[in-house]
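Novice: what follows is a predicted protein model with its sequence.
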Amino acid sequence: MGNADSGLSEAGLRRLREVLESHVESKKIPGLVALVGRGGQTHVEAIGTMRHDGGAPMRRDTIFRMASTTKPVAVAATMVLLDECRLRLDDPIDRWLPELADRRVLKRPDGPLDDTVPARRPITVRDLLTSTCGLGLDTTAMGSPMMSAYFEQKVYGENGWMLPAVEPDEWMRRLGTLPLMYQPGERWLYNVSDDVLGVLVARVTGRSFETFLRERIFDPLGMKDTGFHVPADKIDRLPPLYAPDPQTGEFNVEDQAEGGHHSKPPAFQSGGGGLDSTVDDYHAYFRMLLNHGMHGAQRILSRPAVELMTTNRLTPEQTTALQTWARSVVHLSHGQGQTGGWGFGMTVRTYRGDYAPVGQFGWDGGAGTTTYADPHNQLIGILLTQTGMSTPDSARAMQDFWTTLYQAIDD
């Protein structure tokens, strides 16, 4: 479909398809859906099958578990509240989230939970947006008392699943029993801030996080297949999630479609990793970001809100922490996510380490998803699979997707 409108070459898109087909033909990934958007043009490939043993083919409207690729979309709810002055960046969150008021902070992040000092200041909205509130999953210190406490208190890991499994108020209560690992604003830490933001949005608006997202983001953008679970009349469009055995490559089912984690509304609507979606829904959202907050004639977010989200917010010291962490995470150590910076809910490329230019923004998900937008080339790429990151196979497919996609630019 390459043409002058999109500035993507026929030959380049053909190579992109061939490379993706080779990953499916290798039998390491049962199926995938890829979307490339540039200018007014979109190009979609649906390759392989929903299940590893064949059956229904992948389709353009197949619904995938977005996992951490949820973060760049979920954060938009908070930006709406900033635009409307219902929140301010440097407001303490204590008024809405009293469970996180008057924090104690560990003297050493890997030290005992009772060896603490008082927080120097309250946690602010900005700290949550930049993932610097002092709470997070530190995979470089999995054996530390704090990491153990997350799982013992079942803040995470209930049902063996890395999403909160209880109602938001109970989850906040559990989180409130724990100290911070770092002083507020000091260090970038993964994931917890994104889940807290969902609770903040619900409490400020007086409605569920999903309801507010639907009213202000999903419905206006026509994201009709995006939500925190897949309803029964669409469950046939959700593949099982596989976690291949690292030794044998056997396709273990980590999450069924029917009767699985995404088949009914969750107790906790996780901004860190709970959304299900399609390539077209995600394309609409990222296209809105490239259009500085506009969707057609309708404004979804203000231009400065989008600029804040999609440019680097971290200091050099915080960036170093992000880099160290990215190398330690299983799906990122395969080469994903090492792009230098972080905005709100997404990574922002601050140096050129591969085929993509500085300024590209987006994120990857442990369930085998990647979505980035590139303002310089006005380009969006989305690759969704049902193959988790227990092996490097889906990460390799993602890298080859980006490598071939950038070669297809022809202008």
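Specialist: Happy to help now that I have it.
Novice: residue 254: which element?
Specialist: Secondary structure assignment for residue 254, by DSSP states H and E: strand 251-255.
Novice: what residues sit buried inside that strand?
Specialist: For strand 251-255, the buried set under the neighbour-count rule, 16 or more other Cβ atoms under 10 Å, comprises 251, 254-255. For the C-beta atoms, the positions are set from N, CA and C on the backbone; glycine is no exception.
Novice: reformat those residues as JSON lines; add pLDDT and distance to residue 273.
Specialist: Formatted as JSON lines, the buried residues of strand 251-255 follow (pLDDT from 0 to 100; distance: Cβ to Cβ, whole Å):
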{"residue": "251", "pLDDT": "97", "distance to residue 273": "22"}
{"residue": "254", "pLDDT": "95", "distance to residue 273": "13"}
{"residue": "255", "pLDDT": "96", "distance to residue 273": "12"}
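Novice: specify which member of those is nearest to residue 122.
Specialist: residue 255 (37.3 Å; Cβ to Cβ).
Novice: give me the nearest residue to the closest one, chain neighbours excluded.
Specialist: Excluding the flanking residues, the one nearest residue 255 by Cβ to Cβ, 6 or more residues apart in numbering is residue 241, at 4.1 Å.
Novice: would you agree that neighbour is in contact with residue 367?
Specialist: Yes: judged on Cβ atoms under 8 Å, residue 241 makes contact with residue 367 at a distance of 5.6 Å.
Novice: the more surrounded of those two?
Specialist: residue 367 (27 against 24; other Cβ atoms under 10 Å).
Novice: what secondary structure does the more buried one sit in?
Specialist: State at residue 367, reduced to three classes by DSSP: H, G, I helix; E, B strand; the rest coil: coil.
Novice: roughly how far does it sit from residue 206?
Specialist: Distance, residue 367 to residue 206, using Cβ to Cβ, to the nearest Å: 31 Å.
Novice: mind pulling up the pLDDT for the residue nearest to residue 255?
Specialist: What the model reports as pLDDT for residue 241 is 98.
Novice: name the residue closest to the centre of this structure, please.
Specialist: Centroid-nearest residue in the chain: residue 69, 2.4 Å away (criterion: Cα atoms, centre = their mean).
Novice: so how far is residue 162 from the nearest residue to that residue once chain neighbours are set aside?
Specialist: Nearest in space to residue 69, with sequence neighbours left out and distances taken as Cβ to Cβ, 6+ apart, is residue 365 at 3.8 Å. Distance, residue 365 to residue 162, by Cβ to Cβ: 11 Å.
Novice: who touches both of these two?
Specialist: Common neighbours of residue 365 and residue 162, using Cβ atoms under 8 Å, 6 or more residues apart in numbering, are residue 273.
Novice: any idea where the helices of the chain begin and end?
Specialist: For the chain, helices defined by DSSP state H occupy the ranges 10-25, 71-74, 76-83, 125-129, 145-152, 168-176, 192-205, 209-213, 219-221, 279-290, 303-309, 316-328, 330-333, 393-407.
Novice: lowest mean pLDDT across these, which one is that?
Specialist: helix 330-333 (a mean of 55).
Novice: name the residues linked to the residue nearest to residue 69 by a beta bridge.
Specialist: Beta-bridge partners for residue 365, by DSSP bridges, are residue 369.
Novice: just the pLDDT for it.
Specialist: At residue 365, pLDDT is 94.
Novice: which one of the helices of the chain lies nearest to residue 113?
Specialist: Using Cβ to Cβ, those put helix 145-152 closest to residue 113, at 5.1 Å.
Novice: report the buried residues of the closest one.
Specialist: Quick answer for helix 145-152 (16+ other Cβ under 10 Å): 145-147, 150.
Novice: ditto for stretch 200-207
Specialist: Neighbour counts over stretch 200-207 (16+ other Cβ under 10 Å) mark 200-205 as buried.
Novice: can you list the residues you listed in JSON lines and add distance to residue 356?
Specialist: Below are those laid out as JSON lines (distance: Cβ to Cβ, whole Å):
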{"residue": "200", "distance to residue 356": "32"}
{"residue": "201", "distance to residue 356": "31"}
{"residue": "202", "distance to residue 356": "35"}
{"residue": "203", "distance to residue 356": "37"}
{"residue": "204", "distance to residue 356": "35"}
{"residue": "205", "distance to residue 356": "35"}
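Novice: closest to residue 85 among those residues?
Specialist: residue 204 (11.4 Å).
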